[in-house]
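# Take this sequence and fold it.
(chains A, B and C)
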Amino acid sequence: MISRIVRWAAQLVILAGIAAFIGALSVAPAFTYRPADMAFIRINFTHGAPRAECWRPTQAELTKLPPSQRRPNDCPRERPAIVLRFELDGVVLLDESLPPSGLSRDSPSPIYRGFSVAPGPHRLHLAMRDNPRTKEYDYTSDFDVMLSPQQNLVIGFDPRSGGFRIR
Amino acid sequence: MNLLRRGLLNGFDRAEALLDRVFTPVHNPLKQLGALGTLFFAVVIVTGVHLYIGYDTSVSGAYGSVEYLSVSAWFLAGVARSLHRYASDALVLVMLLHAAREFARDRYRGARWFSWVTGIVAMLLVYGSGIGGYWLVWDELAQFIAIVSMEWLDWLPIFGEPIAGIFVAPDALDDRFFTLLIFLHIALPLMLALVLWLHLQRISRAAYRPPWRAALGAMAMLVGLSVVFPAVSHPPADLARLPAKLGLDWFYLAAYPLMDRLPRAATWGGGVALLILFTALPWLPPLRRRVVAVVDLDYCNGCGRCNDDCPYNAIAMVARTDGKPFETQAVVNPGLCVGCGICVGACPPSTPFRTTVDLPTGIDLPDPSLKDLRGQTLAAAARHQAGGPRVLVFACAHGPAAATEFPASVTLPCVAMLPPSFIDFALSRHLADGVMLAGCDSSACYNRLGERWTDERLAGKRDPRLRARVDRARVAVSWVGRQSGDEFRAALSAFAARLSARAAEGDKR
Amino acid sequence: MKKPIEWRSAFNTGIASVDHEHRELVELVNKIHAQLREGSPAELVEARLGELHDSIAAHFALEERIMRDCKYAGYEPHKEDHERLLDDIRDIMESQTADPAAVLAERLAAWFGVHFSTLDAEFHRLMDHR
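Numbering: from 1, shown residues only, chains lettered A, B, ... in the order given. The predicted structure is shown next:
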């Protein structure tokens, strides 16, 4: 039989050990989410490209169709994809076609992308095309920014205020 | 799977044996894990209510209010905040140990699947509650949790636009979201309380309160930790900056680095696969063979002792169906019965002193039946080793191998299956000089109540009692775990020595 | 041949299950007594008495359950008396007496006489008042 004193001492040690374990594991080991010496640029917005024009069939074409499909207006629900281009100091970081979301592909195209960049001055160039019939970009913007370490620069898009904006 | 279980089982057996000597079996923390869990949950709720009074649920005010509670009002509230954190960490710790232990001890299969599955649901709610709690502080850690959680959820194609966008810029986040978080942080623990109640439904006399000394020790530990190492917040969340170094609470946030660094498909697939695997554990092979108790109405008069003793609420007393003038009869719910046989030991006609070869009784197991038990008792008595007093051992299948493999022994699914009359039978028929009941580990009975019932029946405090005429000096009990074969052998030798001494004294007279 | 116990209407307690078992037990006691009187080898004596012991034990368990449910104040002494009889039957089983029938008859008559007229009657009166 272990004596009572020894038992109590052992209980104290064990409980203190458990407490230390809980206290330690609740804050350590540390985890680094993003490097402290880098900045971050995030592009986040949704934009819906205008839909294609409705197709208006003539009377002759209507009679050719079966009766259940005769509609005066055939408006496509789908939106076309938008094309987004992002250059950082002249280097192309993003040049993609962004498809619309939704089951019927009729919701706006979302984008949520991040880039780790070195702090300091940078030139950002953004261009977007939402009209599949043209070759030029419908919206372009250029920004000169000075990034500090750990800064989280967010690029959004708001057609009402004329295009890209930085937050 | 069995290899893993055996490894864990060895670990637990050793740890429990060691802690038994430091804390005594009744206060051994490893044998009180579920009860400690409810204690910590209660502490978390009480401190949570206390903190809620001072918490500001707006985006701009949340961080400041927590700082005020933790620093300025340290004595009144800061200790509560630390207690709130450490008790919830302790809750995760005992919860995981409890799950591992029940898995290791094979107490989750067959009819016990319900406890396991409700336990998994409870675990998920604990994690949800804890993660939400860290979110409410709205410091850098919360920002990290928010971004990673939302980005992770965005992988599911159910959102029109990325919901992580909420946390991308300061002007996008509003107070309503915080109100939602507070609501969840109250609703999830409420659901957890409900699930915990369900978790205990299919067992009788659930032990949800730890012995007061164990509770005191646990509280002292947590309060001491809270005073010596108060919980602090990270710098306030700033959506214009990304957090770098974070002191993660690994009890709740261990998955977050993985969610951030590994491909989303991997963490989603892995997470769902693990969840399905753990939930399906009770039904994975090797499947447990089901032995279910059967009632014989010719011998059941509705006395209700089986219903009193069943640890799994598997027996109910219902209205009579055979026309006899008794009020009730026992009926077994096969979905809840695990086949421990405790009911057989409790039933009054379960005695071996009868004419017929069969031993009919009110309730019996198909295997081993009461008749099997009598046969095995007689056979065991024939296997006494020469030299020394003859000790007959009734061993629990979950006890040490030294007992179940002892030559003159009978193995039972639970030692409380043994009707006390069998002890009377063995001694009065001179089948042995002494009878030893070798149960499984003290305060860790595989069938929860077998140890308690056996002790009370032998002490004459619980029916069916061991008859007063039985010489108690010829009966011994050993409650040791699977690993403690040496302790059992020592107890057996000591018992044999006592029997020899008495025999010598008797000869002298 | 005098039966060890003759059924009397005073044995009725008014509880159907208890009265049913009392009647069955009286029959069983009388039957076993007759068998013992005819003479049986020792093992058979023990076995027959064992059956009696089982039936009586089951009956006592039912009675005790009813008493506990009614929170009968005189439960403890009543239960002690039950245990005493079961001990006595075990003693008779082990005693290897030459005339077990006589011992059984004497012991049971004594026990039933006292038990029925005192403890069971008291319980009966208490039950009547509810």
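
# So what touches stretch C:104-115?
Under the contact criterion C-beta atoms under 8 Å, 6 or more residues apart in numbering or on different chains, stretch C:104-115 has outside partners C:4-5, C:29, C:32-33, C:36, C:49, C:81, C:84-85, C:88-89, C:92. Yep, even glycine has a C-beta here, placed from its N, CA and C like the rest.

# repeat that for 7 Å
For stretch C:104-115, the external contacting residues (C-beta atoms under 7 Å, 6 or more residues apart in numbering or on different chains) are C:4-5, C:29, C:33, C:36, C:81, C:85, C:88, C:92.

# Highest neighbour count among those?
For the contacts of stretch C:104-115, counting by other C-beta atoms under 10 Å in any protein chain shown, the largest number of neighbours falls to C:His33: 23 neighbours.

# And the helices in the chain?
Using chain A here. In order along the chain, chain A carries the following helices (DSSP state H): A:4-25, A:59-64.

# hmm, I had chain C in mind actually
With DSSP H, the ranges of helices along chain C come out as C:16-37, C:42-69, C:75-95, C:100-115, C:121-128.

# same check, this time on the stretch 301-450 of chain B
Counting by DSSP state H, counting those that start in this stretch, residue ranges of the helices within the stretch 301-450 of chain B are B:305-309, B:342-346, B:370-381, B:401-404, B:421-428, B:450-458.

# right, so the ones you listed: which one is the most enclosed?
Most buried of those by mean neighbour count (mean count of other C-beta atoms under 10 Å in any protein chain shown) is helix B:342-346; its value is a mean of 28.

# Mind giving me the packing neighbours of that one?
Secondary-structure packing of helix B:342-346 (3 or more C-beta pairs under 7 Å, 6 or more residues apart in numbering or on different chains; DSSP states H and E): helix B:305-309, strand B:363-364.

# Just put these in a markdown table and tack on mean pLDDT and distance to chain A.
Below are these laid out as a markdown table (pLDDT from 0 to 100; distance: least, C-beta to the nearest C-beta, whole Å):
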| stretch | mean pLDDT | distance to chain A |
| --- | --- | --- |
| helix B:305-309 | 95 | 33 |
| strand B:363-364 | 95 | 41 |
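
# wait, which of the ones you listed is closest to chain C?
In terms of C-beta to the nearest C-beta, the element of these nearest to chain C is helix B:305-309, at 5.9 Å.

# Show me the contact partners of that closest one.
Outside helix B:305-309, the residues within contact range by C-beta under 7 Å, 6+ apart are B:315-317, B:330, B:342-343, B:346-348, B:363, B:453, B:463, C:61.

# what's the closest of those to C:Arg23?
C:Ala61 (17.6 Å; C-beta to C-beta).

# Give me the nearest residue to the closest one, chain neighbours excluded.
On the basis of C-beta to C-beta, 6 or more residues apart in numbering or on different chains, the spatially nearest residue to C:Ala61 that is not a chain neighbour turns out to be B:Cys303, at 3.7 Å.

# Pretty sure that neighbour sits against C:Phe60.
No. Look at B:Cys303 against C:Phe60 with C-beta atoms under 7 Å: they stay out of range, at 8.6 Å.

# Among those two, which residue is more densely surrounded?
Neighbour count, other C-beta under 10 Å: between B:Cys303 and C:Phe60, B:Cys303 has more, with 29 against 22.

# The more buried one and B:Leu97: what is the separation?
Taking C-beta to C-beta, to the nearest Å as the measure, B:Cys303 and B:Leu97 are separated by 40 Å.

# which residue packs closest to whichever residue of the stretch 251-400 of chain B sits closest to chain A, ignoring adjacent ones?
When distances are taken as C-beta to the nearest C-beta, the stretch 251-400 of chain B approaches chain A most closely through B:Pro257, which lies 5.3 Å from it. Ranked by C-beta to C-beta, 6+ apart and with sequence neighbours excluded, the top spatial neighbour of B:Pro257 is A:Phe31, at 5.3 Å.

# How many neighbouring residues does that neighbour have?
Counted by other C-beta under 10 Å, the residues lying close to A:Phe31 total 20.

# Tell me who's in contact with it.
By C-beta under 7 Å, 6+ apart, the residues touching A:Phe31 are B:246, B:248, B:257.

# Please narrow those to those residing in strands.
When strands are assigned by DSSP state E, the members of those inside them are B:Leu246.

# what about C:Glu122, how many neighbours?
Other residues near C:Glu122 number 15, with proximity taken as other C-beta under 10 Å.

# tell me the contacts of it?
Shown in contact with C:Glu122 (C-beta under 7 Å, 6+ apart): C:Gly74.
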